[in-house]
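Enquirer: I need the structure of the sequence given here:
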Amino acid sequence: MAVCTKCGGEMKGDAKFCKSCGSGAGVGMHDQKKARVLTGEKKNPKASIIIGAAIALVVTGWMVYSNTSRARSMDRPMKAQASREGNKGMPYTALNAEKGEVKVPLSALQGGMASYFVYHANGTDIKFFVLRASDGTVRVALDSCTSCYHAKLGYRQDGETMVCNNCGMGFKSTDVGHITGGCSPIPLTNSQDGKALVVKAKDLEEGAKYF
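Expert: Coordinates of the predicted model:
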């Protein structure tokens, strides 16, 4: 409600004359309306800032989520085509144990290509591969996994990826030996003596159940 500047009576906001004394709204009424308008104008910038900040927060959150999801998707195992023939035609180099150790000459490693070997123990051919990953480190794993070992199809190399021939699941070379379980190649503990890669014979023999 506005107040008449002459008699002090209450007037409606849009009234032009006072019902009590009949006088016009006058300058005081005009000033009151102007004050209300200016007050409203002062409030609007604050509301705009709050809305803008909320929108920026939502956009930032979406970008963080999108980048995180993309990074996670890149880290996941890749799916390729299965090969029912597996590694039947793969040439495995036979190795023997000496003093409980099976040695792979470092000279046998061919760049980033996986080299395949077989160690015979207790009537079982235990197959494994050695791979120099894209980061320069050497990875060693059984040519089998805990999920698909019954198929006895092993892994094939496809560029920087080792692919399970049974289900087509692929793992980057840098993941071999780090990711365990499921369809990932079963890692083998190993060491180097300067000339050869050394794997304990007992570790290979423990993996015989996967062949």
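Enquirer: Helix or strand: which one has residue 127?
Expert: strand 124-132 (DSSP states H and E).
Enquirer: domain ranges for the protein?
Expert: Using automatic domain parsing, the domain parsing of the chain gives 2-75, 93-210.
Enquirer: average pLDDT for the longest one?
Expert: Meaning domain 93-210. Averaging pLDDT along domain 93-210 yields 94.
Enquirer: Now do the end-to-end distance for it.
Expert: Start-to-end span of domain 93-210 (C-alpha to C-alpha, to the nearest Å) is 19 Å.
Enquirer: tally of neighbours for the residue lying closest to residue 133 once chain neighbours are set aside?
Expert: Using C-beta to C-beta, 6 or more residues apart in numbering and skipping the chain neighbours, the partner closest in space to residue 133 is residue 173 (3.9 Å). C-beta here means a position set from N, CA and C on the backbone, and glycine is covered the same way. Counted with other C-beta atoms under 10 Å, residues neighbouring residue 173 total 20.
Enquirer: Torsion angles phi and psi at residue 173?
Expert: phi -60, psi -30 (degrees, to the nearest 10).
Enquirer: what's the spacing between it and residue 151?
Expert: 22 Å (C-beta to C-beta, to the nearest Å).
Enquirer: cool, and residue 140?
Expert: Taking C-beta to C-beta, one finds residue 140 at 22 Å from residue 151.
Enquirer: Between the two, tell me which one has more neighbours.
Expert: For the pair residue 140 and residue 151, the greater number of neighbours falls to residue 140 (21 against 16), based on other C-beta under 10 Å.
Enquirer: That'll do, ta.
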